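# Mind looking at a prediction? Sequence and model below.
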Amino acid sequence: MGYLEVNYQEIDGDVRILRVAGDVDFDAAPQLKRHIMSRVDAGDRQFIVDLSAVEFIDSTAIGVLVGALRRLDANGGSLLVVCDNEDIRGIFETVGLEHVIPLHRSHEDAFAALAHAA
Amino acid sequence: MGYLEVNYQEIDGDVRILRVAGDVDFDAAPQLKRHIMSRVDAGDRQFIVDLSAVEFIDSTAIGVLVGALRRLDANGGSLLVVCDNEDIRGIFETVGLEHVIPLHRSHEDAFAALAHAA
Amino acid sequence: MHSPLWPTPPKLSLGLRDGDHPGPVEIRLAARSSELGRMRAWVSEAAALLGCDGKSRFEFVVAINEAVTNAIRHGTPADDGTIGVRLESDGGAIVCSVCDGGPFVPPSQRSDPTSDVGGRGFAFMAALTDELELVVNPGATVVRLRKQRTAEAHAGDA
Amino acid sequence: MHSPLWPTPPKLSLGLRDGDHPGPVEIRLAARSSELGRMRAWVSEAAALLGCDGKSRFEFVVAINEAVTNAIRHGTPADDGTIGVRLESDGGAIVCSVCDGGPFVPPSQRSDPTSDVGGRGFAFMAALTDELELVVNPGATVVRLRKQRTAEAHAGDA
Ligand SMILES: Nc1ncnc2c1ncn2[C@@H]1O[C@H](COP(=O)(O)OP(=O)(O)O)[C@@H](O)[C@H]1O
Ligand SMILES: Nc1ncnc2c1ncn2[C@@H]1O[C@H](COP(=O)(O)OP(=O)(O)O)[C@@H](O)[C@H]1O
């Protein structure tokens, strides 16, 4: 009965923004996975996943993001996370995942990183 | 500095007997692996591994046997273990591996099983 | 809102004040992933009452959620279908025990070999707490997580 | 034959008789796989002195060997390059603690993802003992294995 909301937005042709809100736990992770993977399967390659409105995240949710990132990486795509929620950022940092999934504080930073990589 | 001895014997064309003696622990497992795998690479497909003279065995050694068995299985080959040492048999049984690696008490039983499978 | 399996935790309504450290509090919850949200709300409130707050508390709840998720996914509930979660003070730390009634199933014996989605639970628990203890016998799996009450007293970069 | 890192365990020369259960015995051994054979000989002798024999003893030595192998392969030795192994009586059981000075490294964070050769150590320890305990903090990994002295007193099919 966790609350999860995923919004999808297309930006200037290539970049897709996924805004996630609520609790992304083991109960909700499959829903997140379906959302991301259906877009990956549809051919999208550049993702910004915005976790700023997420209140809780667990290892399976982060596993979904890492799985999508690996798949995109292998096809020349990319996935960045934007988050200004310090609690959630802290989890990424403490478990050492900020080196695996690029973590940005704002959409501007994320776009700059995408442009730099391109 | 563990003591390990591996003897190799060809029987009626197809079957190979590997007699292992001593302590097959993490220190010795690579040596066991080299012995078996060099014969698998050379094309041998039917193995009887005799552990009756083994005095100690660990999970890495059993892992080597399972690895060889999987490889042989995939190519229509087989690997059986013969062992009349009750201590060693007990380990296979207690960890539930007698269902993964066929375990026989004598060479006669092992040959019968091979003939039956052929 | 509270089912019999999810009683109002006894100590949570005592109006304890800051600095009071009540005894152990315990709940049993149905072994379903849909219960995780309520479990977290309870644990978070209990941790606050035991004097744990801020970043420490959030990290602790994330770690505990991993242990409870494992008990639901991989463990065996008690005969009444529940698993247990217990919090208690121990010196400057809080200890949380998560307990189910089944043996530990080593990853190599699971039928679904770990995909990219799994296999990070213990890494999370270890990184987010000060000590992780796992006790396993044929009839129970208990995970015990210890967390300093405040980030300042944290073992940190030890 | 005994190096300074491998002292004759104090209790092993006391000529204890059946039924006497001496206090804890402890060794420190160099964290090298070539030490495993001597470690097993010591542990086997110590377990016998503590009253554990036959099938129980063999299973216990196999389980302890797995824990020590892990400490050598995955752990961090103490500053003097050693890891610790300790046996003691506890009621009808013997408890063995294997201790190294480093954090637990979850399998998913290892650089060599488990091949067919690995990943069975904890399954062995759990199957061959009555209780397995793992305590992990940033500065130590301790594995504690409990085994009933005799197969008859064994928890068995619990
Ligand atoms: N309560 C439990 N009961 C039985 N087995 C468990 C339990 N908790 C964890 N395990 C085992 O430990 C493994 C590792 O757990 P974890 O690191 O959390 O990764 P994940 O659960 O995502 O696979 C699990 O896959 C499972 O095999
Ligand atoms: N003493 C230790 N220190 C750090 N990590 C350990 C230790 N013991 C075990 N581990 C971790 O636990 C994993 C599982 O151990 P095990 O089941 O014995 O399988 P294996 O050692 O064959 O990989 C190891 O691969 C390693 O990542």
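Looks like it came in fine. Ligands and ions are numbered 1, 2, ... in the order given.
# Just checking: what are the partner strands of the helix or strand of chain A with the lowest mean pLDDT?
Here the helix or strand of chain A ranked lowest by mean pLDDT, DSSP states H and E is strand A:4-11, holding a mean of 85. As defined by DSSP bridges, the strand partners of strand A:4-11 come to strand A:15-24 (antiparallel).
# Which element is encountered next along the chain beyond the partner strand?
Downstream of strand A:15-24, the first helix or strand assigned by DSSP states H and E is helix A:29-41.
# Run through who's touching that next one.
With contact meaning Cβ atoms under 8 Å, 6 or more residues apart in numbering or on different chains, helix A:29-41 is reached by A:4, A:6, A:8, A:16, A:18, A:20, A:24, A:47, A:49, A:58, A:60-61, A:63-65, A:67-68, A:71-72, A:77, C:117. Quick note: C-beta positions are derived from backbone N, CA and C, even for glycine.
# So what angle separates the directions of that helix and strand A:4-11?
Per axes from the mean of the first three to the mean of the last three Cα atoms, to 10 degrees, the angle that helix A:29-41 makes with strand A:4-11 is 20 degrees.
# Mind checking the pLDDT average for helix A:29-41?
Averaged across helix A:29-41, the pLDDT comes to 94.
# Residues of chain A that sit close to chain C?
A:1-3, A:23, A:25-27, A:29, A:33, A:56-60, A:62-64, A:66-67, A:70, A:86-87, A:90-91, A:94-96 (Cβ under 8 Å from any Cβ of the partner chain).
# Counting neighbours, which of the residues you listed end up buried?
For the residues of chain A next to chain C, a burial check counting by 16 or more other Cβ atoms under 10 Å in any protein chain shown picks out A:2, A:23, A:25-27, A:29, A:33, A:56-60, A:62-64, A:66-67, A:87, A:90-91, A:94-95.
# Just give me the longest strand of chain A.
strand A:46-57 (DSSP state E).
# by contact count, what packs against the helix or strand following it?
Downstream of strand A:46-57, the next assigned helix or strand under DSSP H and E is helix A:59-74. Judged by 3 or more Cβ pairs under 8 Å, 6 or more residues apart in numbering or on different chains; DSSP states H and E, helix A:59-74 is in contact with helix A:29-41, strand A:46-57, strand A:78-82, helix C:121-128.
# what about chain A, any weak spots by pLDDT?
Along chain A, the model assigns pLDDT under 70 to residues A:1-2.
# which outside residues touch the least confident helix or strand of chain A?
Residues external to strand A:4-11 that are found in contact with it (Cβ under 8 Å, 6+ apart): A:16-24, A:28, A:31-32, A:35, A:39.
# If we use 6 Å, what do you get?
Under the criterion Cβ atoms under 6 Å, 6 or more residues apart in numbering or on different chains, residues A:16-22, A:28, A:31, A:35 lie in contact with strand A:4-11.
# Redo those as CSV? Include neighbour count and distance to C:Cys52.
What follows is the contacts of strand A:4-11, written out as CSV (neighbours: other Cβ atoms under 10 Å in any protein chain shown; distance: Cβ to Cβ, whole Å):
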residue, neighbour count, distance to C:Cys52
A:Arg16, 19, 39
A:Ile17, 17, 35
A:Leu18, 23, 33
A:Arg19, 17, 31
A:Val20, 25, 27
A:Ala21, 16, 26
A:Gly22, 17, 24
A:Ala28, 27, 25
A:Gln31, 16, 30
A:His35, 19, 34
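# A:His99: how many residues sit nearby?
Applying other Cβ atoms under 10 Å in any protein chain shown, we find 9 residues neighbouring A:His99.
# separation between it and chain B?
Distance, A:His99 to chain B, by Cβ to the nearest Cβ, to the nearest Å: 31 Å.
# For chain C, which residues are neighbours of chain A?
By the rule Cβ under 6 Å from any Cβ of the partner chain, the part of chain C lying against chain A is C:33-34, C:36-37, C:55, C:58, C:62, C:65-66, C:69, C:116-117, C:120-121, C:124, C:127-128.
# which stretch of helix or strand covers the residue nearest the centre of chain C?
Nearest to the geometric centre of chain C sits C:Ile64, at 3.3 Å (Cα atoms, centre = their mean). Using DSSP H and E, C:Ile64 sits in helix C:54-74.
# Could you give the bridge partners of A:Asn7?
For A:Asn7, the beta-bridge partners under DSSP bridges are A:Arg19.
# can you tell me which residues contact the residue nearest to the centre of chain C?
Here C:Ile64 is in contact with C:43, C:96 (criterion: Cβ under 6 Å, 6+ apart).
# can we see that at 10 Å?
C:Ile64 sits next to C:39-40, C:43-44, C:46-47, C:85, C:87, C:96-98, C:125, C:128-129, C:143, C:145, C:147 when contact means Cβ atoms under 10 Å, 6 or more residues apart in numbering or on different chains.
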